[in-house]
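Asker: I would like to see how this sequence folds:
(chains A and B, ligands or ions: 2)
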Amino acid sequence: MLETFLEFEFLRNTFYTGLLIGLIAPLLGTFIVVRRLSLIADGLSHVTLSGIAFGLFLEKKIALLAISPYYAGIGFSIIGAMIIEYLRSIYQSFQEIAIPIILSVGVGLSVIFISLADGFNTDLYAYLFGSVAAVSRHDLYFILGITLFIVAAVFFFYKELFAVSFDEEYAKVAGIHAKYVHLLFILLTALTISASIRIVGVLLVSALMTLPVASSIRVAKSFKQAIFYSIIFGEISVIAGLISGYYFEIPPGGTIVVSLAIILGITLLFKSRKS
Amino acid sequence: MNAKNGGIGMDSTAPVLSVNQLDYKYEQQNVLEGVTFSIQKGSFAGLVGPNGSGKTTLIQLILGLLRLQEGNIELFGTPIQKFKNWNKISFVSQKANTFNRGFPATVYEVVAMGLTGNIGYFRFFNRLHKKQIYQAIENVGMSDYVHRNIGDLSGGQQQRVFIARSLVSQPELLILDEPTVGVDTENVERFYKMLARLNKQEGITLLLVSHDIGTITSYVTDLLCLNKTIHYHGNPSEFYQKSDEEISKFYGHSMHAISHDH
Ligand SMILES: Nc1ncnc2c1ncn2[C@@H]1O[C@H](COP(=O)(O)OP(=O)(O)OP(=O)(O)O)[C@@H](O)[C@H]1O
Ligand SMILES: [Mg+2]
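Answerer: Ligands and ions are numbered 1, 2, ... in the order given. Model prediction:
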């Protein structure tokens, strides 16, 4: 089955892109889950959707093809990330309020741009639920670039990211610039989300960031192990999900999430540790 | 004054910490008023005061976690605004044991975090750092738990891990904000003995916050009583020669009630 998959170039591109996001989504997801910010992925993915809708609107109405909907999505996601950080610094004592604000504004803007662009079309369906057929060679290289950037950033700032995630106050006293580490973290998250949407879609991208982590923290002893297992679980689900999605002609977002849920079920059954 | 060179050639005779005419208010409420004191190198200072007397606020100002409003603070002779050597100072928070217990981190990883600031950006842990981490874990008697998950330990064991985290960077000043909350009495005594040993043998200057005045007076060299302002600063034994009335004036109620209410 894998051979048929790799036979056609566009499927090969999809497959490699899937492997890349199966790496970065759980990698960033581990930091998100331990910081109890799981909903941030949902907030940002809906902001990305509004960017995509904006891009589709431009494409349709003004025929301004210079911005593809996908890049508009990345731009909106990065702006959304910075607004979340800004709101978090204002609402210090209830920081999670930033997430519903950004999520609802994202959905609101999406609705406006979608109706301005005269409603749903098949493109939008692919953005919502993911698609096996949507990846060009150019997109693959672009996502490869994003992946290399994210992996390098996490590698070089690993100890700072860990310190700020575990104990922000202590990290500040130790002289770490927590504010900039947060900003880096949220920008990496925004990039991860906009890269992952290609395959899993807006509605299910947060699942690829959080479900593998929910499984891995049940079996991992250390933080590094938690990252390692989440990536393994992420990759297994992406591969299984892409192949079965293609085979049954289902958007891969759905099959990947079901694979993730099966893995979670297995870890819940075999390992009963407090979470 | 040597503030210009960023505190590199610091005055070795300057107090480790000096606080001058510090005022602080949250919105309308004055929490600190005219707080002035200094702590000399090598002392073991105990800061006591009832709940809400401003102890944590004062510590957060000293650590740069809150912005100064009125007054000034000098660390190792350098005004806090210009102070850069944060690796000389370490801290155990009052909230240390309220962290997310599900966090998948081992004792080793938590203690290693204490070196993050010392190592600096774009640098990595080396073999020497690893040795220091194991040593710090051994010093608090947690060697058998190096690769255990921090969330699986008892409250007292977690507290020891947090002490190891703050000692691994070999600080000159260690600030502890009520570190014995949730630790049973027997372990509290052991804990204070360990602090006294660090102070005598390693020469670490300590500032210990507590409202348990009864226990700490037998360990500390300096006693500071805070309730909005410093009401007493000096030798703990002289403190007891003050009359009960005088003591209850700044405590608001009898001291004995305080040492028994928990
Ligand atoms: N973030 C805050 N916003 C507003 N008021 C605060 C804040 N933190 C503390 N306060 C108030 O400032 C006063 C001093 O609080 P602080 O935490 O410094 O006391 P404390 O001496 O550490 O008390 P405890 O022994 O309970 O730890 C209290 O009356 C408290 O209500
Ligand atoms: Mg306090």
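
Asker: Stretch A:16-27 - what's its average pLDDT?
Answerer: For stretch A:16-27, mean pLDDT is 96.

Asker: distance between that stretch and the chain's centre?
Answerer: Centre-to-centre, stretch A:16-27 and its host chain are 9 Å apart (Cα atoms, centre = their mean, to the nearest Å).

Asker: May I have that stretch exported as CSV, CA atoms only?
Answerer: C-alpha atoms of stretch A:16-27 as CSV (Å, rounded to 0.1, in the frame of the first residue of the first chain):
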residue,chain,number,x,y,z
TYR,A,16,6.8,13.6,3.3
THR,A,17,4.9,16.6,4.5
GLY,A,18,3.0,14.4,6.8
LEU,A,19,6.3,13.0,8.3
LEU,A,20,7.5,16.6,8.9
ILE,A,21,4.3,17.7,10.7
GLY,A,22,4.3,14.4,12.6
LEU,A,23,7.6,15.6,14.1
ILE,A,24,6.9,19.3,14.8
ALA,A,25,3.3,19.2,16.0
PRO,A,26,4.0,16.8,18.9
LEU,A,27,7.3,18.5,19.6
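
Asker: any idea of the pLDDT on the nearest residue to B:Ile62 once chain neighbours are set aside?
Answerer: Nearest residue to B:Ile62 in three dimensions, chain neighbours excluded: B:Ile73, at 5.9 Å (Cβ to Cβ, 6 or more residues apart in numbering or on different chains). C-beta: built from backbone N, CA, C; applies to glycine. Here, the pLDDT recorded for B:Ile73 equals 97.

Asker: Quick test: name the residue nearest the centre of chain B.
Answerer: B:Ile175 (1.6 Å; Cα atoms, centre = their mean).

Asker: Assumed that one was part of a strand.
Answerer: Yes - under DSSP: H, G, I helix; E, B strand; the rest coil, B:Ile175 falls within a strand.

Asker: in the sheet, who's paired with it?
Answerer: Beta-bridge pairing for B:Ile175 (DSSP bridges): B:Phe91, B:Leu207.

Asker: give the contact list for it.
Answerer: B:Ile59, B:Ile62, B:Leu63, B:Ile89, B:Ser90, B:Phe91, B:Val92, B:Leu206, B:Leu207, B:Val209 (Cβ atoms under 8 Å, 6 or more residues apart in numbering or on different chains).

Asker: now with 7 Å?
Answerer: When contacts are counted by Cβ atoms under 7 Å, 6 or more residues apart in numbering or on different chains, B:Ile175 touches B:Ile59, B:Ile62, B:Leu63, B:Ile89, B:Phe91, B:Leu207.

Asker: helix/strand/coil for the residue nearest to B:Ile62?
Answerer: B:Ile73 - assigned by three-state DSSP - is strand.

Asker: residue ranges with poor pLDDT in the chain?
Answerer: Went with chain A since none was named. Chain A contains residues with pLDDT under 70 at A:1-2, A:5, A:63-67, A:120, A:122, A:134, A:271-275.

Asker: Correction: the question concerned chain B.
Answerer: B:1-12, B:96-97, B:182, B:243-262.

Asker: which bits of it sit near ligand 2?
Answerer: B:Lys55, B:Thr56, B:Gln94 (Cβ under 5 Å from the ion).

Asker: for those, which one is nearest B:Met194?
Answerer: Taking Cβ to Cβ as the measure, B:Met194 lies nearest B:Gln94 of the residues of chain B next to ligand 2, at 18.5 Å.

Asker: Could you tell me how many residues sit around that closest one?
Answerer: The local packing of B:Gln94 (other Cβ atoms under 10 Å in any protein chain shown) involves 15 other residues.

Asker: Can you give me the neighbour number for residue 115?
Answerer: Went with chain A since none was named. So A:Ser115, with other Cβ under 10 Å, has 12 neighbours.

Asker: that's the wrong chain, I wanted chain B
Answerer: Using other Cβ under 10 Å, B:Leu115 has 23 other residues around it.

Asker: who touches it in this structure?
Answerer: Listed by Cβ under 7 Å, 6+ apart, the contact set of B:Leu115 reads B:His129, B:Gln132, B:Val168, B:Ser169.

Asker: ranges for the strands of the stretch 151-275 of chain A?
Answerer: Here the stretch 151-275 of chain A has no strands by DSSP state E, counting those that start in this stretch.

Asker: give me the residue from the stretch 1-150 of chain A nearest ligand 1.
Answerer: With Cβ to the nearest ligand atom as the measure, A:Ser93 is the residue of the stretch 1-150 of chain A nearest to ligand 1, at 7.5 Å.

Asker: so who does the one residue in chain B that gets nearest to chain A touch?
Answerer: Of chain B, the residue with the smallest distance to chain A, taken as Cβ to the nearest Cβ, is B:Gly117 at 3.2 Å. Residues counted as contacts of B:Gly117 (Cβ under 7 Å, 6+ apart) are A:Ala174, A:Gly175, A:Ile176, B:Trp86, B:Asn87, B:Ser169.

Asker: Pop out the phi and psi values for the last one.
Answerer: What that stands for is B:Ser169. Phi and psi for B:Ser169, reported as degrees, to the nearest 10, are phi -90, psi 10.

Asker: For B:Ile204, see how far away the residue nearest to B:Ile62 is.
Answerer: According to Cβ to Cβ, to the nearest Å, B:Ile73 stands 20 Å off from B:Ile204.

Asker: returning to that earlier point: number of nearby residues for the residue nearest to B:Ile62?
Answerer: Residues near B:Ile73, counting by other Cβ under 10 Å: 21.

Asker: next one: B:Gln170
Answerer: When counting by other Cβ under 10 Å, one arrives at 15 neighbours for B:Gln170.

Asker: what's the nearest residue to the residue of chain B closest to chain A if we skip its chain neighbours?
Answerer: A:Ala174 (3.2 Å).

Asker: Could you double-check that that neighbour sits in contact with B:Ile89?
Answerer: No - contact criterion Cβ atoms under 7 Å: A:Ala174 and B:Ile89 do not qualify, at 9.0 Å.

Asker: Which helix or which strand is home to B:Tyr232?
Answerer: Element membership of B:Tyr232, judged by DSSP states H and E, is strand B:229-234.

Asker: can you map out the helices along the chain?
Answerer: Here I'm looking at chain A. Counting by DSSP state H, chain A has helices at residues A:2-7, A:9-34, A:38-57, A:69-90, A:98-116, A:122-129, A:137-156, A:158-166, A:168-173, A:178-200, A:205-219, A:223-248, A:252-270.

Asker: meant chain B, my bad for not saying
Answerer: Counting by DSSP H, the helices of chain B are B:55-62, B:107-113, B:116-119, B:127-139, B:155-167, B:185-201, B:213-216, B:236-241, B:244-251, B:255-260.

Asker: Please identify the deepest-packed of those helices.
Answerer: helix B:107-113 (a mean of 25; mean count of other Cβ atoms under 10 Å in any protein chain shown).

Asker: Quick one: distance of that helix to the chain centre.
Answerer: Between the centre of helix B:107-113 and the centre of its chain there are 19 Å (Cα atoms, centre = their mean).

Asker: count of neighbours near the residue of the stretch 151-275 of chain A found nearest chain B?
Answerer: Closest residue of the stretch 151-275 of chain A to chain B, Cβ to the nearest Cβ: A:Ala174 (3.2 Å). Applying other Cβ under 10 Å, we find 25 residues neighbouring A:Ala174.

Asker: could you measure it against ligand 1, distance?
Answerer: Applying Cβ to the nearest ligand atom, to the nearest Å, the value for A:Ala174 to ligand 1 is 22 Å.

Asker: what's near enough to touch B:Glu33?
Answerer: Neighbouring residues of B:Glu33 by Cβ under 7 Å, 6+ apart: B:Asp23, B:Lys228, B:Thr229.

Asker: switch the cut-off to 10 Å
Answerer: With contacts taken as Cβ atoms under 10 Å, 6 or more residues apart in numbering or on different chains, B:Glu33 has the following neighbours: B:Gln21, B:Leu22, B:Asp23, B:Tyr24, B:Lys25, B:Gly54, B:Glu70, B:Gly71, B:Lys228, B:Thr229, B:Ile230.
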